[in-house]
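S.K.: What follows is a predicted protein model with its sequence.
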Amino acid sequence: MFEIKQKDNRGRIGLLKTNHGTIKTPNLMPVIHPRKQTIDVGKLGAEIVITNAYLIYKDENLKKQAIDEGIHKLIGFDGPIMTDSGSFQLSVYGDIDITNKEVIEFQELIKTDIGTSLDIPTAPYVTREKAEKDLDITLERAKEAIAYKNENNMKMLLNSVVQGSTYPDLRSLCADELSSFGADLYPIGAVVPLMESYKYSDLVDVVMSSVTHLPDSVPRHLMGAGHPMLFALAVAMGCDLFDSAAYILYAEDDRFLTTRGTYKLENLQEMPCSCDVCNSYTPDDLRAMDKKERAKLIAEHNLKASFAELRVIRQAIADGNLMELVEERCRVHPLLLDACRRLGKFAEDLEIYDPRIKKSAFFYTGPESLNRAEVLRHLEKLKNMPKKRDLVILPSSRKPYSKYLSDNLGDFYVYGCEMEIDIENTDFMVFDIPFCLIPLNLDEVYPLSQNESPKIKDTGALEFVENFISEFIEYYDQTLISSKVIKELNIGLYNIHNESNLIKFPKNDEQKVKDIADYQFGIGAGEALFEGDLKIEKSKKTGKIRHVYSNGELIANMRASDAFFVLAKEGARRLHRIKKFPENRVIVNKDSEPFAREGKSVFSKFVTDCDSNIRANDEVLIVNEEDELLAFGKSLLNHNEIMDFNVGQAIKTRKGNI
Ligand code: GUN
Ligand code: ZN
């Protein structure tokens, strides 16, 4: 019932299928009050809503009507409806008179699309004893609810809420346990007090310790999150659904929700956006209005601003610049910036979920960007790549560096030095922020070329790069650093060379294609793919490498936008020969084999195993269990997601029949 269509970082654009239609995620469920609702949220763009089954259950009239006609008629919404169980009332009033089984049965009876068991919302910062005791009950009820649903063949989908207060290990434990029960959706609960008190960095810990232990194939809902300034951050952490009572609660208090924060009507001189409400009224008009009428209009703005932000977020995922959006949004409040910085603690996990290749350039927006997946990934690659004896570090110039550091003849010059340079035995790299060092042969590869950082450098970035370089040069016998770089780094660690004689070294396209293949497919790939009599064809217009042939046969095409290779049949065969099982591979079962051979896309459910190193957008080999090469293609998901999903496409096959 859930499928991922596009990804960026841990964020995903998904499709969630319910009994009342399919909705796109990330999405926001406005809270509908079963008695007091005056706003038609469907008209304002809601595709899915949430209401409270317990409030309906407690009201004899509503209860009867809901049982007779169903909840969709009762609240006047014919799309998917989620219901909460009364847990929140339990946390506020301390007691409610309905059992877990009763509330499950009732939700199915009124034909809710997604029901919720009676979890215990354990507040943040309670004692560990309290958190553990509550968690036992939450888990027991979740298990009971799922068993009850299954025994009775219930049609609704079921939420199991992750609790555990602000203890990351309890959140993880809860997520692990709930995952083993197999719920349909996993809300993350009891986070409203964290959001209300601006404890956004603790919120990051709570969400990350939960999502990292939840299955990738099941949607997650950040319960009670209704402020649009938080959505981008939450989506980047892997949250798919939000719910909002905030739109109406804030409106009743004359407050406007925006991605820049909250505005109070009494302070407004200008309307904060360009929705219908903000276009049609002035702050004075609203202040002069009857309170109820005004609240309705502000609520309309609040919902429209929230839906607009979700559209912006989904577009950012599609474009591959979700983290740029997060970094932007988190600058509206210092405590949100803290949250963005806290996310850096989870960089290794985020790297696993982040596609290696994106449509958008990487923007360095400040020291927070140093923790991004792209940077981490590149530095790991640098550490692991084979190294020559000596290293030369060149100053950065316009990108791509190899073009602007070379003269008309395509040769590079290094301004003289005290050390002997043996070109064959030297790695040439360019100093860069934030990627530290960029091997010249990789300077067109994503995102080493497709990135921008401010010309005026911040000390955080300089320190970061400096630390990396001082460790990295330990791999080499000798390092020559351009005096321009030394000036930037403002460190006296290196021997300053005199700038007299010129050293010239030639561009080597054969080495370049091999280096790129190693960077893309792993060490050894370059030699294997491009052995034999090579012919490198370049675009007449741009001079960029386009096709590589060996012994007259096409091996790979280089994509102009990111300089990564798309394999041709012979390239796939060669990569398959050199790489050990299961490297670069997706292994499909017998049923799927004929389809893969025909070049049809591979669905997750047919994959029995795959290389743990696969990230979304990687080029992969498709093999059967005997490791026969069937086809090759582009992965749409990472290893964890491919293995976890049972529906949807995993690999877009490029070619079969090989
Ligand atoms: N609404 C906001 N927080 C929670 C929670 O922790 N559990 C439930 N069931 N509903 C909520
Ligand atoms: Zn507005």
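M.R.: Noted; the coordinates are in hand. For clarity, every value in this text was computed on a predicted model and none was experimentally measured. Numbers count the residues shown, from 1 in each chain. Ligands and ions are numbered 1, 2, ... in the order given.
S.K.: switch to C-alpha atoms for all contacts and neighbour counts from now on
M.R.: Noted.
S.K.: Residues contacting stretch 579-592, please?
M.R.: With contact meaning Cα atoms under 8 Å, 6 or more residues apart in numbering, stretch 579-592 is reached by 521, 525, 602, 606-611, 613-614, 619-625, 627.
S.K.: which residues does Met229 contact?
M.R.: 258-261, 329-330.
S.K.: now it: how far from Asp119?
M.R.: Distance, Met229 to Asp119, using Cα to Cα, to the nearest Å: 27 Å.
S.K.: do the same with Pro80
M.R.: In terms of Cα to Cα, Pro80 sits 22 Å off from Asp119.
S.K.: same deal with Gly524?
M.R.: Distance, Gly524 to Asp119, by Cα to Cα: 52 Å.
S.K.: So the two - more neighbours on which side?
M.R.: A direct count of neighbours by other Cα atoms under 10 Å for Gly524 and Asp119 places Asp119 higher, at 30 against 17.
S.K.: quick revisit: tell me which of the contacts of stretch 579-592 fall in helices.
M.R.: Using DSSP state H, the subset of the contacts of stretch 579-592 located in helices is 521, 525.
S.K.: Using PyMOL, make a named selection holding only the buried ones among the contacts of stretch 579-592.
M.R.: Here the buried members of these are turned into a PyMOL selection, burial being counted by 16 or more other Cα atoms under 10 Å:
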select buried, resi 521+525+602+606+607+609+610+611+614+619+620+621+622+623+624+627
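S.K.: Let me know the secondary structure of the residue of the stretch 1-150 of the chain found nearest ligand 1.
M.R.: Nearest residue of the stretch 1-150 of the chain to ligand 1: Pro121, at 3.9 Å (Cα to the nearest ligand atom). Under DSSP: H, G, I helix; E, B strand; the rest coil, the three-state class of Pro121 is coil.
S.K.: For it, give me the backbone phi and psi.
M.R.: Main-chain torsions, Pro121, degrees, to the nearest 10: phi -70, psi 100.
S.K.: Quick check: it vs Thr166, distance?
M.R.: Per Cα to Cα, Pro121 is found 12 Å from Thr166.
S.K.: quick one, what contacts the residue of the stretch 51-200 of the chain at minimum distance from ligand 1?
M.R.: Closest to ligand 1 within the stretch 51-200 of the chain is Gly189: 3.2 Å, counting by Cα to the nearest ligand atom. For Gly189, the contacting residues are 121, 161-163, 222-224, by Cα under 8 Å, 6+ apart.
S.K.: For these, pick the one with the most neighbours.
M.R.: Within the contacts of Gly189, Val162 tops the neighbour count with 36 neighbours, counted by other Cα under 10 Å.
S.K.: Who is that one paired with across the strands?
M.R.: Taking DSSP bridges as the rule, Val162 bridges to Ile188.
S.K.: Now do the same for it: its pLDDT.
M.R.: pLDDT recorded at Val162 is 98.
S.K.: do the same with Ile433
M.R.: 94.
S.K.: Repeat that for His497.
M.R.: Per-residue confidence at His497 stands at 46 (pLDDT).
S.K.: Please enumerate the strands of the stretch 301-450 of the chain.
M.R.: Along the stretch 301-450 of the chain, counting by DSSP state E, counting those that start in this stretch, strands occupy 362-363, 390-394, 412-415, 426-432, 436-439.
S.K.: Contact residues of the stretch 151-300 of the chain facing ligand 2?
M.R.: Contact residues, the stretch 151-300 of the chain versus ligand 2 (Cα under 5 Å from the ion): 273, 275, 278.
S.K.: Would you indicate which residues of stretch 173-188 are buried?
M.R.: Those would be 173-179, 181-188, for stretch 173-188 by 16+ other Cα under 10 Å.
S.K.: Could you identify the most distant pair in these?
M.R.: Leu173 and Asp184 (18.2 Å; Cα to Cα).
S.K.: Give me the contact status of stretch 96-104 with ligand 1.
M.R.: No - under the criterion of Cα under 6 Å from any ligand atom, ligand 1 is not reached by stretch 96-104; the shortest gap measures 11.4 Å.
S.K.: For that stretch, what does the pLDDT average out to?
M.R.: Within the predicted structure, the mean pLDDT of stretch 96-104 is 93.
S.K.: what does stretch 321-341 give?
M.R.: Stretch 321-341 comes out at a mean pLDDT of 98.
S.K.: Ala631 versus the residue of the stretch 351-500 of the chain at minimum distance from ligand 2, what's the distance?
M.R.: At 27.8 Å from ligand 2, Thr365 is the closest residue in the stretch 351-500 of the chain, using Cα to the ion. Thr365 is 40 Å from Ala631, where distance means Cα to Cα.
S.K.: Just want to know which of these two has more residues nearby.
M.R.: Ala631 (29 against 15).
S.K.: In three-state terms, label the more buried one for me.
M.R.: strand.
S.K.: In contact with it: list those residues for me.
M.R.: Contacts of Ala631 by Cα under 8 Å, 6+ apart are 596-597, 599, 621-623, 653-658.
S.K.: Tell me how far it lies from ligand 2.
M.R.: As judged by Cα to the ion, to the nearest Å, Ala631 and ligand 2 stand 51 Å apart.
S.K.: what is that residue paired to in the beta sheet?
M.R.: Bridge pairing for Ala631 - DSSP bridges - gives Ile622.
S.K.: Excluding chain neighbours, give the residue nearest to Tyr57 in space.
M.R.: Lys63 (5.0 Å; Cα to Cα, 6 or more residues apart in numbering).
S.K.: Checking my notes, that neighbour in a helix, right?
M.R.: Yes - under three-state DSSP, Lys63 falls within a helix.
S.K.: Quick one: residues contacting the closest residue to ligand 2 within the stretch 101-250 of the chain.
M.R.: Here the stretch 101-250 of the chain gets closest to ligand 2 at one residue, Tyr247, 11.9 Å apart by Cα to the ion. With contact set as Cα under 8 Å, 6+ apart, Tyr247 has these partners: 30, 226, 257, 299-300, 302-303.
S.K.: Show me which of those has the smallest pLDDT value.
M.R.: Scoring these by pLDDT puts Gly226 last, at 93.
S.K.: Assumed that residue was part of a helix.
M.R.: No - checked against three-state DSSP, Gly226 lies outside a helix; its state is coil.
S.K.: show me the contacts for it.
M.R.: Per Cα under 8 Å, 6+ apart, neighbours of Gly226: 28, 242-247, 306.
S.K.: Please report the distance of Ile188 from Ile438.
M.R.: Going from Ile188 to Ile438 by Cα to Cα gives 41 Å.
S.K.: Please apply the same query to Glu60.
M.R.: For Glu60, the distance to Ile438 - Cα to Cα - is 69 Å.
S.K.: Just want to know which of these two has more residues nearby.
M.R.: Between Glu60 and Ile438, counted using other Cα under 10 Å, Ile438 has the larger neighbour count: 25 against 11.
S.K.: is it true that that one touches Val445?
M.R.: No - between Ile438 and Val445 there is no contact under Cα atoms under 8 Å: 9.8 Å.
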